[in-house]
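Engineer: Sharing a model prediction with you, sequence too.
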Amino acid sequence: MIHLVIGGARSGKSRYGEALARQYTALGFDACYVATAQALDAEMACRIRLHQDGRAKDDIDWQLVEEPLALTAQLKRLAKPGRVILVDCLTLWLTNQLLAGSPADEPAATESDFASNIATSSKDDALAHWHQAKAELVGALNALEGAVILISNEVGSGIVPMGELSRQFVDEAGWLNQAVAAAADNVTLVVAGLPLVLKSS
């Protein structure tokens, strides 16, 4: 069973995903939390700590797996009957994939510099790699055993971003959400903490 939960920033999507997982643990499932975030700066490290603190106070005995890139391989390894997996989140996984080809030891000074740096063959390589990774994930979803809850950001409801990299991210996130939603059994949009069912099996 695949359940996609989408929503904007601070919409309550992660909390709702955890509530879904709790329904499974009440039935005797074990729970696995797959975190895709990387603490590459102080602000992201703080966000990660907030999520960790929330889980520490939870009544779910989470098995934590941190996986910024090889998400499909991890899901294939972890999925089994009697287990619920919560992936938080697909859009950070997308970000990691798009930036994986950039030189980590020499970050660009500005977004426009970064956009210029990737507007070369390496950009084409990164996109080709991303499209392959996305296809592998979507193709694997329906074969996964147990329950998988995928959290993702809805980023297409605002204004069109100015920067090339930002526009590329919004486009790829929208296409990723569409592809996963088509393969999912259930899709829920969370707005202001309220779940709106978009698709139900």
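Structural biologist: Thanks, I have the structure now.
Engineer: Not counting its own residues, what contacts the helix or strand containing residue 94?
Structural biologist: Counting by DSSP states H and E, the element that carries residue 94 is helix 90-99. Residues from elsewhere that reach helix 90-99, judged by CB atoms under 8 Å, 6 or more residues apart in numbering: 36-38, 68-69, 71, 87, 126-127, 129-130, 133, 150-153, 155, 165, 168-169, 172-173, 176-177, 180. (C-beta placed from N, C-alpha, C; glycine too.)
Engineer: and it, what's its mean pLDDT?
Structural biologist: In this model, helix 90-99 carries a mean pLDDT of 93.
Engineer: so how far is residue 84 from residue 32?
Structural biologist: 7 Å (CB to CB, to the nearest Å).
Engineer: Can you tell me which helix or strand of this protein has the lowest average pLDDT?
Structural biologist: helix 111-118 (a mean of 45; mean pLDDT, DSSP states H and E).
Engineer: Quick check: next helix or strand after it?
Structural biologist: helix 121-141.
Engineer: Neighbours of the nearest residue to residue 39 once chain neighbours are set aside, how many?
Structural biologist: In space, and not counting its chain neighbours, residue 39 is closest to residue 45: 3.9 Å by CB to CB, 6 or more residues apart in numbering. As a burial measure, residue 45 scores 13 neighbours (other CB atoms under 10 Å).
Engineer: Let me know whether residue 45 touches residue 37 as I believe.
Structural biologist: No - judged on CB atoms under 8 Å, residue 45 makes no contact with residue 37 at a distance of 9.3 Å.
Engineer: List the buried residues of the helix or strand harbouring the residue nearest to residue 39.
Structural biologist: According to DSSP H and E, residue 45 maps onto helix 42-56. Using 16 or more other CB atoms under 10 Å as the test for burial, helix 42-56 gives residue 55.
Engineer: between that helix and helix 90-99, how many degrees?
Structural biologist: Counting by axes from the mean of the first three to the mean of the last three CA atoms, to 10 degrees, helix 42-56 lies at 140 degrees to helix 90-99.
Engineer: And for helix 42-56, what's in contact with it?
Structural biologist: By CB under 8 Å, 6+ apart, helix 42-56 touches 14, 18, 33, 35, 37-39, 62, 64, 88.
Engineer: again, only this time at 7 Å
Structural biologist: 33, 37, 39, 62 (CB atoms under 7 Å, 6 or more residues apart in numbering).
Engineer: mind checking how far the last one is from residue 181?
Structural biologist: This means residue 62. In this structure, residue 62 and residue 181 are 25 Å apart, going by CB to CB.
Engineer: try the first one
Structural biologist: When distances are taken as CB to CB, residue 33 and residue 181 turn out to be 22 Å apart.
Engineer: Which one's more surrounded, the two?
Structural biologist: More neighbours surround residue 33 than the other of residue 33 and residue 181, with 23 against 18 (other CB under 10 Å).
Engineer: Before I go, just wanted to say thanks for your time.
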